[in-house]
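Chemist: structure for the following, please:
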Amino acid sequence: MIKDFLAVGQIVGTHGVRGEMRINPWADSPEFLKQFKTLYYDAEGKNSVKVISSRPHGNIVLMKLEGIDTVEAASAMRNKRLYMRRSDANLADGVYFIEELVGCDVFDADDEGKRYGKISDVSETGANDVWHIMSDNEKEYLIPAIPSVVIDTDVKENRVLIRPMKGIFDDEN
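Modeler: Numbering: from 1, shown residues only. Sure thing, here's the model as predicted:
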């Protein structure tokens, strides 16, 4: 399901004494967070904050937010999540977020009447993501998110079509 506001990272610490914070980005790259001028402290978009500066630093982002001017204020923000407005992101068509993928119904690409379950989680393994599919009888199946298995992903319609590898769902009745 397409969401208006999505979590993009978590504040994990401070950097320096002027309120800059270390953000663990929940994106493919720390560079992704550089595009935002406004972020939010909540998933409803009620509490916005202006981004003063944002720069990648290894696998994290160093960020300065409006109103956070001391190391003490930055430290008090530790463990808070930051959210973005989806419409503020420069995304190519067909790009979606893991948060939007979770909850999608999974069907067989060759027999759309055959439903395998819902995506319950996504593991990022390095080589490719692995989707966790929870069946209606509460059994979890793992599928690689590779082009030969994932045939179509439509988060707007909350629907994914897959062509599973042989043996993955053999015990599903």
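Chemist: pLDDT below threshold where in this protein?
Modeler: 172-173 (pLDDT under 70).
Chemist: where do the strands of it begin and end?
Modeler: Ranges of strands in the chain, per DSSP state E, are 5-15, 20-25, 38-40, 48-57, 60-65, 81-85, 105-108, 115-124, 129-134, 140-144, 150-154, 159-162.
Chemist: out of these, flag the one nearest Glu31.
Modeler: strand 48-57 (5.6 Å; CB to CB). Glycine gets a C-beta too; all of them are placed from N, C-alpha and C.
Chemist: report the buried residues of the closest one.
Modeler: For strand 48-57, a neighbour-count test (16 or more other CB atoms under 10 Å) marks Val51, Ser54, Pro56 as buried.
Chemist: that older thread, can I get the strands of the chain in TSV with distance to Phe97?
Modeler: Output for the strands of the chain, formatted as TSV (distance: least, CB to CB, whole Å):
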stretch	distance to Phe97
strand 5-15	5
strand 20-25	12
strand 38-40	15
strand 48-57	19
strand 60-65	17
strand 81-85	10
strand 105-108	17
strand 115-124	10
strand 129-134	12
strand 140-144	19
strand 150-154	12
strand 159-162	14
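Chemist: out of those, nearest to Gly94?
Modeler: Minimum separation from Gly94 across those (CB to CB) falls at strand 150-154, 7.6 Å.
Chemist: ok, and what's touching the closest one?
Modeler: The contact list for strand 150-154 (CB atoms under 8 Å, 6 or more residues apart in numbering) reads Gly94, Tyr96, Leu101, Cys104, Ala109, Trp131, Ile143, Arg159, Val160, Leu161, Ile162, Arg163.
Chemist: how does it look with 10 Å?
Modeler: Residues outside strand 150-154 that contact it (CB atoms under 10 Å, 6 or more residues apart in numbering) are 94, 96, 100-101, 104, 106-110, 119, 128-129, 131, 143-145, 159-164.
Chemist: Gln10 and Val71, how far apart?
Modeler: For Gln10, the distance to Val71 (CB to CB, to the nearest Å) stands at 18 Å.
Chemist: center of this protein, which residue is that?
Modeler: Centroid-nearest residue in the chain, with CA atoms, centre = their mean: Ile98, separated by 3.9 Å.
Chemist: nearest residue to that residue in space, ignoring adjacent ones along the chain?
Modeler: The shortest distance from Ile98 to any non-neighbouring residue, by CB to CB, 6 or more residues apart in numbering, is to Val122 (4.7 Å).
Chemist: what about that neighbour, how many residues nearby?
Modeler: Neighbour count of Val122, defined by other CB atoms under 10 Å: 16.
Chemist: which residues are in contact with it?
Modeler: Phe97, Ile98, Glu99, Leu101, Val102, Asp129, Val130, Trp131, His132, Ala145.
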